[in-house]
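**Q** sequence first, then the predicted structure, then my questions.
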Amino acid sequence: MEIIEGGITAVQGFSAAGGAAGIKKNGSMDMALIKSSVPCKAAGTFTTNVVKAAPVIWDRTLTEQGAEVSVIVVNSGVANACTGEEGLGYCRQTAEEAAEVFGLAPEAVLVASTGVIGQQIPIDKIKGGVRMLAGKLEDGIGAGTQAAQAIMTTDTVSKEAAATVRLTDGTFVTIGGCCKGSGMIHPNMCTMLCFIGTDACISRKALQAALSSVVPDTFNMVSVDGDTSTNDTCLLLANGLAGNAEIAEDTEDWKLFREGLLEVCTRLAKMMAKDGEGATCLFECRVIHAETKEQAKILARSVVSSTLTKAAVAGHDANWGRILCAMGYSGAKFIPEQVDLFLASSGGRIQILRNGVAADYSEEKATEILSGDEILCTADLKLGEASASAWGCDLTHEYVSINADYRS
């Protein structure tokens, strides 16, 4: 496997565009369009929130029905959530507009929205945006970046990742994608829009199985603020242009493809955590030597989700009591009296807890380590061989400022 430059347009057959359709008040880019030159098999994972936005309902229905997809239309600024039948009708109208432009069936078009909940989308602007972006489609890496920028809301940076994987017959397949997510992020198919493409030839069942298997270890291990959105969507399209023999589930090639997908999704997940609203750093918790992977995942997520721990990280305070406390109320069983805790960053590495009690460490060194922009907390349970990582960020005053003024 090799990490390569770009995102979804690093994959052959995919083109993209981003632009301003007039949805956002400030006139910035607010629509993106992604297109494959040939029909794709499609897989998806979606929010676990009972309140589901209209695009989630549209996309989930099509992916579950096995529709072959060629186009994804995305808007930012308005979420099209809690908009009833009218909002769902706008999804169909958007798909019909794109279908007319490209000579497709509406069922070949997926849609996604992000932004303020409860507002109806300006369908005339959306339709105009579809036609505007259709004329701007390009297949270069820059076009993919432009699309990634157009779907941002409170994100401060665009997020892309891509990789190539060599299959057993020597064929190279590429996997690339982009995502957005900065606030309303929590491990339940966390708040995000994510669009991934691949040129692998793979069965729809195997494609869905691969996506469903990596989401729990990547996007569902991210937490910024504990809120789970109404619009969470991750779509994976496979156009088969690599020309490999079709990949079936649980084969050696499927395992290789899954590893590439895992790498791309892990990179995107960490980018979202680091770009959390108001954040100054990426905060990772890695639980090692656990009895089971599930135990490790529960404990790691609890630590990165802890408001008090996140505030301590923001203050560069090695308050290990908050970390141990968050582990203690996670619901996972462990032995506190044998836990070791370590902190590490570009500033160095220290042990702050040994066998459940404070280690002899320098507070000044701990502050230096916690002043880095990527901080790792390792919790050693000394119980087994399982491990898991979760990703979050610090909690700053800026987070409150951003969300207090979000609609204005």
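**A** Yep, that arrived.
**Q** use CA for all of it now, contacts and neighbours both
**A** Will do.
**Q** wait, residue 144 sits on residue 19?
**A** No: counting by CA atoms under 8 Å, residue 144 stays clear of residue 19, with 11.9 Å between them.
**Q** higher neighbour count, those two?
**A** Neighbours were counted for residue 144 and for residue 19 using other CA atoms under 10 Å; residue 144 has more, 30 against 23.
**Q** got the contact list for the more buried one?
**A** By CA atoms under 8 Å, 6 or more residues apart in numbering, the residues touching residue 144 are 6, 7, 8, 9, 10, 15, 16, 17, 178.
**Q** quick check: which element contains it?
**A** helix 141-150 (DSSP states H and E).
**Q** quick one, the next helix or strand after that helix and helix 141-150 angle?
**A** Downstream of helix 141-150, the first helix or strand assigned by DSSP H and E is strand 159-166. Strand 159-166 and helix 141-150 are oriented at 140 degrees to each other (axes from the mean of the first three to the mean of the last three CA atoms, to 10 degrees).
**Q** and after strand 159-166, which helix or strand comes next?
**A** strand 172-180.
**Q** re the thing from before, between the contacts of residue 144, which is nearest residue 364?
**A** residue 178 (38.7 Å; CA to CA).
**Q** look at the nearest residue to that closest one once chain neighbours are set aside and report its pLDDT.
**A** Leaving aside its sequence neighbours, residue 178 sits nearest to residue 160 (CA to CA, 6 or more residues apart in numbering; 4.3 Å). pLDDT recorded at residue 160 is 98.
**Q** next: the one 4 residues further on.
**A** Confidence per residue is given as pLDDT, and for residue 164 that number is 98.
**Q** show me where the stretch 251-400 of the chain has its helices.
**A** For the stretch 251-400 of the chain, helices defined by DSSP state H, counting those that start in this stretch occupy the ranges 252-274, 293-305, 307-314, 320-328, 363-370, 397-404.
**Q** keeping just the C-alphas, turn the second one into PDB.
**A** The C-alpha trace of helix 293-305 is given here as PDB (Å, rounded to 0.1, in the frame of the first residue of the first chain):
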ATOM      1  CA  LYS A 293     -10.800  -4.900  21.300                       C
ATOM      2  CA  GLU A 294     -14.300  -3.800  22.400                       C
ATOM      3  CA  GLN A 295     -13.100  -3.100  25.900                       C
ATOM      4  CA  ALA A 296     -10.200  -1.000  24.500                       C
ATOM      5  CA  LYS A 297     -12.600   0.900  22.100                       C
ATOM      6  CA  ILE A 298     -15.000   1.800  24.900                       C
ATOM      7  CA  LEU A 299     -12.200   3.100  27.200                       C
ATOM      8  CA  ALA A 300     -10.500   5.100  24.400                       C
ATOM      9  CA  ARG A 301     -13.700   6.700  23.300                       C
ATOM     10  CA  SER A 302     -14.600   7.700  26.900                       C
ATOM     11  CA  VAL A 303     -11.300   9.500  27.400                       C
ATOM     12  CA  VAL A 304     -11.500  11.600  24.200                       C
ATOM     13  CA  SER A 305     -15.200  12.300  24.800                       C
END
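**Q** residue ranges with poor pLDDT in the stretch 51-200 of the chain?
**A** Applying pLDDT under 70 to the stretch 51-200 of the chain picks out residues 182-191.
**Q** hang on, the earlier thing: pretty sure the residue nearest to residue 178 contacts residue 4?
**A** No: here residue 160 lies out of contact with residue 4, judged by CA under 8 Å, at a distance of 10.5 Å.
**Q** settle it for me: which of those two has more neighbours?
**A** Between residue 160 and residue 4, counted using other CA under 10 Å, the more crowded position is residue 160 (26 against 14).
**Q** for the more buried one, give its distance to residue 33.
**A** Distance, residue 160 to residue 33, by CA to CA, to the nearest Å: 15 Å.
**Q** try residue 328
**A** Counting by CA to CA, the gap from residue 328 to residue 33 is 45 Å.
**Q** ok, and the most crowded of the contacts of residue 144?
**A** Greatest neighbour count in the contacts of residue 144, by other CA under 10 Å, goes to residue 8: 33 neighbours.
**Q** next up, the contacts around it.
**A** By CA under 8 Å, 6+ apart, the contact set of residue 8 is 14-15, 144, 160-162, 175-178, 195-198.
**Q** now those as a markdown table including distance to residue 293?
**A** Listed next are these as a markdown table, based on distance: CA to CA, whole Å:
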| residue | distance to residue 293 |
| --- | --- |
| 14 | 36 |
| 15 | 38 |
| 144 | 35 |
| 160 | 28 |
| 161 | 26 |
| 162 | 27 |
| 175 | 26 |
| 176 | 27 |
| 177 | 27 |
| 178 | 28 |
| 195 | 27 |
| 196 | 26 |
| 197 | 29 |
| 198 | 29 |
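**Q** what's the farthest-apart pair in those residues?
**A** Maximum pairwise distance in these, criterion CA to CA, is 15.5 Å, between 15 and 161.
**Q** ok, the nearest residue to residue 136 once chain neighbours are set aside - contacts?
**A** Using CA to CA, 6+ apart and skipping residues adjacent in sequence, the residue nearest residue 136 is residue 17, 5.8 Å away. By CA under 8 Å, 6+ apart, the contact set of residue 17 is 32, 33, 34, 133, 134, 136, 137, 138, 143, 144, 146, 147.
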